[in-house]
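Trainee: with the input below, show me the fold.
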Amino acid sequence: MKKLLATLLLGAGLAFGGLNAVAQTTTEPAAATATAAPADAAAAPAAAAAPPAVAVAAEAPAAAEAAPAPTPNKGDTAWMMVSTLLVILMVVPGLALFYGGLVRSKNMLSVLMQVMVTFSLIIVLWAVYGYSLAFTEGNAFIGGFDRLFLNGVWDNAAGTFANAATFSKGVVIPEIVFAAFQATFAGITCALIVGAFAERMKFSAVLLFSALWFTFSYVPIAHMVWFWMGPDAYSSAEVAAEMTAKAGLIWQHGALDFAGGTVVHINAAVAGLVGAYMLGKRIGYGKEAMAPHSLTLTMVGASLLWVGWFGFNAGSALEANGFAALAFINTLFAAAAAVLAWCIGESLAKGKASMLGAATGAVAGLVAITPAAGNVGILGALVIGFLAGFAGLWGVTGLKKMLGADDSLDVFGVHGVCGILGALLTGVFNSPNLGGPSLVSDWTTVTMVTAEAYSIVGQVWIQLKGVLITIVWSGVVSVIAFKIVDMTIGLRVTEEQEREGLDISSHGETAYNR
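Mentor: Next comes the predicted model:
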């Protein structure tokens, strides 16, 4: 316990020391928060009609201040609270059971612990400084310190709450709800990485790495992809360029990421792959049987992930509206198409489909549709899901052999491959020519790019730039973070502890009575 406490204190010290060097403090707290993906209309097509990303919006010009302050709709607020609960369901117990069933029985509790405690750690760090650095005005890479400890989201003396912008002008939700919703995204992203180095990493090392990576990779990428000033800040053509220049870097480029293809899946997958390389392979990998100990639990976990993903994707619309419904049905269809595709692929390659394949296929489809959920039409969702089933199958078989890393639970093979696929295909199927909703070219008038003006090649290039920035950023941060952990407390358990199993050696208990 003393070592664990020392680890957490060290992580917090390193985090805050680095933040002072990176963050740029804003002059005054931002008034609201919002999400989407627009770019400077003069340079390229801007944001999608309703993509998820969030940012603290600036105060409106003086003329707008005279207008009555918008009031949150109770239906929107209730939907966002339910969506937040659904994302929590994805992590505990969803992801924990999905991962837990895939490891050997002697490591079951260690995976449950790593997922649950990592999630809890990140939620606390999000409240302390993560939200502020991700969703307040700063520079193109990181926000400021205006919302440390969620300062300003509510006035306890007056009993009033700050509002966060959505994608519709004049429509807001309580910022405290938005902060909670985004906290769950940060938590599940860090928990996803656990699957890549399962069964061999020290518990204290997992927590220290998570704190470092969250601070220097997740938070900046979230800011770059999702921070903007909100639709109400675009009050006139004269201020449009200035408002866009205050957004995150990848947002400025015009990349579309409805619910976290880059921020969550690619970001986590790269970190997981780096970790698999730096920790090395499990003892006996490739020589001893390492079959999942309970596919029943894995199927239960996958099902909970699927249910929770409706909050993850549809909630990213930030309103209970048509785009939330579009994201909802696309999430349903893409996952189902991926299950069928994975089963077809397995049948063709191995002669039979497996339960593990079907469960993993569902996750592959859900990953791929994440950046596209509210940005494509129904046909696009079906195609993306179907292709993701085959891409994910290749990722955990052919690509895994090529990479030569012991990515224990195929984090990169599923989340990396399918996240990249989904991010790129968003640029294709967002086109109104292919049934997509198109994207906003001018937030001042909320003008959409027409079918004739939409460039699939141009948008895919913008998507690719966002993917490459995420890969490089996460990769560099991950290498440094793992190295710091290795030099301070060590990454890996001893050979004796690994053979005994992390349940006993790290936690002193077992999942099952023998």
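Trainee: residue ranges with poor pLDDT in this protein?
Mentor: Along the chain, segments meeting pLDDT under 70 span 1-67, 514.
Trainee: strands of the protein, residue ranges please.
Mentor: 32-34, 55-57, 154-155, 160-161, 163-165, 172-174, 440-442, 447-448 (DSSP state E).
Trainee: of all these, which lies closest to Met487?
Mentor: Of all the strands of the chain, strand 55-57 sits nearest to Met487, with 35.6 Å by Cβ to Cβ. Just so you know, the C-beta spots here come from the backbone N, C-alpha and C atoms, and that holds for glycine as well.
Trainee: same list (the strands of the chain) but as a markdown table, adding mean neighbour count and distance to Lys483.
Mentor: Output for the strands of the chain, formatted as a markdown table (neighbours: other Cβ atoms under 10 Å; distance: least, Cβ to Cβ, whole Å):
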| stretch | mean neighbour count | distance to Lys483 |
| --- | --- | --- |
| strand 32-34 | 30 | 34 |
| strand 55-57 | 31 | 32 |
| strand 154-155 | 12 | 40 |
| strand 160-161 | 12 | 42 |
| strand 163-165 | 29 | 37 |
| strand 172-174 | 24 | 40 |
| strand 440-442 | 23 | 42 |
| strand 447-448 | 16 | 46 |
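Trainee: can you put those strands in a markdown table and add distance to Thr77?
Mentor: Conversion of the strands of the chain to a markdown table gives the following (distance: least, Cβ to Cβ, whole Å):
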| stretch | distance to Thr77 |
| --- | --- |
| strand 32-34 | 14 |
| strand 55-57 | 17 |
| strand 154-155 | 14 |
| strand 160-161 | 10 |
| strand 163-165 | 10 |
| strand 172-174 | 6 |
| strand 440-442 | 24 |
| strand 447-448 | 27 |
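Trainee: so which of those is nearest Met243?
Mentor: Using Cβ to Cβ, the strands of the chain put strand 55-57 closest to Met243, at 9.1 Å.
Trainee: work out which residue lies at the spatial centre of the chain.
Mentor: Val264 (2.2 Å; Cα atoms, centre = their mean).
Trainee: residue contacts, the nearest residue to it once chain neighbours are set aside?
Mentor: Spatial nearest neighbour of Val264, excluding adjacent residues (Cβ to Cβ, 6 or more residues apart in numbering): Thr189 at 4.7 Å. Thr189 makes contacts with 122, 218, 260, 263-264, 267-268, as judged by Cβ atoms under 8 Å, 6 or more residues apart in numbering.
Trainee: ok, 6 Å please
Mentor: 218, 264, 268 (Cβ atoms under 6 Å, 6 or more residues apart in numbering).
Trainee: I'd guessed Phe323 sits against Gly374; true?
Mentor: Yes: judged on Cβ atoms under 6 Å, Phe323 makes contact with Gly374 at a distance of 4.6 Å.
Trainee: between these two, tell me which one has more neighbours.
Mentor: Taking other Cβ atoms under 10 Å, Phe323 and Gly374 do not tie; Gly374 has more neighbours (32 against 25).
Trainee: got the contact list for the residue nearest to the more buried one when sequence neighbours are not counted?
Mentor: Spatial nearest neighbour of Gly374, excluding adjacent residues (Cβ to Cβ, 6+ apart): Ala327 at 4.1 Å. By Cβ under 6 Å, 6+ apart, the contact set of Ala327 is 313-314, 317, 373-374.
Trainee: make JSON lines out of those and add distance to Thr296.
Mentor: Below are these laid out as JSON lines (distance: Cβ to Cβ, whole Å):
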{"residue": "Asn313", "distance to Thr296": "26"}
{"residue": "Ala314", "distance to Thr296": "28"}
{"residue": "Ala317", "distance to Thr296": "34"}
{"residue": "Ala373", "distance to Thr296": "29"}
{"residue": "Gly374", "distance to Thr296": "34"}
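Trainee: looking at those residues, which has the most residues close by?
Mentor: Among these, Ala373 has more neighbours than the rest - 36 neighbours, counting by other Cβ under 10 Å.
Trainee: which residues sit in contact with that residue?
Mentor: By Cβ under 6 Å, 6+ apart, the contact set of Ala373 is 258-259, 313, 327, 330-331.
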